[in-house]
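*Asks:* got a predicted structure here, sequence first:
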Amino acid sequence: MVDIRHEQATDASSIRQLLDEAFPGEPVGRLVDDLRDEGDLLLSLVAERDARVIGQIGFSPVAIAPCSVRAVQLSPLAVDRAERRQGAGGALVRAGIERCRDLGIDAILVLGDPAYYRRFGFDPALAAGLRSRWSGPHLMGLELS
C-alpha cells in the first residue's frame, strides 16, 4: 500500500535522489531544492511505501496575467522506476488536486502527456488561451472552482 503525505524536511535528500534518477541530465532536483529554499514550493507531497519515499509531486504558484485567478503549476511528478505503473503517480495527482482545492486554488496548469493527465480532468482547451513558449496540446489546465 502507498501512503501519501506532505513532504517533511527529512525527505529532501530522498526527493533529490528520486528526481535526479527520474530526470537524468536535467536539473529538476536542483530546481525543486531552489523552489523549496525560496518558499515557492507551495505544496509538495510524497508517496511512501514501507517507510521509503517512492514518489513526489510539487505545486508552485503561477501568475496568469491579467487575471486574478489563484493558479499553480504541477511540476514535477516523479515515481521511482521500480514502482511505476502501480498507482503511486495517480495517487499523488489525485491527492495534490484535493490539497490544492483545500488551499483555495482556482486552477492547476501542467505541461505533460495529455494521455496521462486527461484522466484527472486536465484539458488542453483550458490552457489554449495562454501565451507561452510551451503552448500546444501538452500544456493543460484544470479548473478547481
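*Replies:* Thanks, I have it. Numbers count the residues shown, from 1 in each chain.

*Asks:* so for the longest helix along the chain, mean pLDDT?
*Replies:* In the chain, with assignment by DSSP state H, the single longest helix is helix 88-102. What helix 88-102 shows for mean pLDDT is 98.

*Asks:* now it: buried residues?
*Replies:* Neighbour-count burial for helix 88-102, counted by 16 or more other Cβ atoms under 10 Å, picks out 88-93, 95-97, 99-100. C-betas here are computed from N, CA, C, even on glycine.

*Asks:* from those, which two are the most distant?
*Replies:* A88 and C100 (18.5 Å; Cβ to Cβ).

*Asks:* ok so, going back, following element in sequence after the longest helix of the chain, please.
*Replies:* Going down the chain from helix 88-102, the next helix or strand is strand 107-111, by DSSP states H and E.

*Asks:* gap between that following strand and the chain center?
*Replies:* A distance of 9 Å separates the centroid of the chain from that of strand 107-111, by Cα atoms, centre = their mean, to the nearest Å.

*Asks:* number the residues from 26 up from this point.
*Replies:* Noted, 26 is the first residue going forward, which turns the last one into strand 132-136.

*Asks:* from the buried residues of helix 113-127, pick the one nearest P91.
*Replies:* C125 (22.1 Å).

*Asks:* hang on, isn't that closest one packed against Q98?
*Replies:* No. C125 sits out of contact with Q98 when judged by Cβ atoms under 8 Å, with a separation of 10.9 Å.

*Asks:* next, show the common contact partners of the two.
*Replies:* 84, 133 (Cβ atoms under 8 Å, 6 or more residues apart in numbering).
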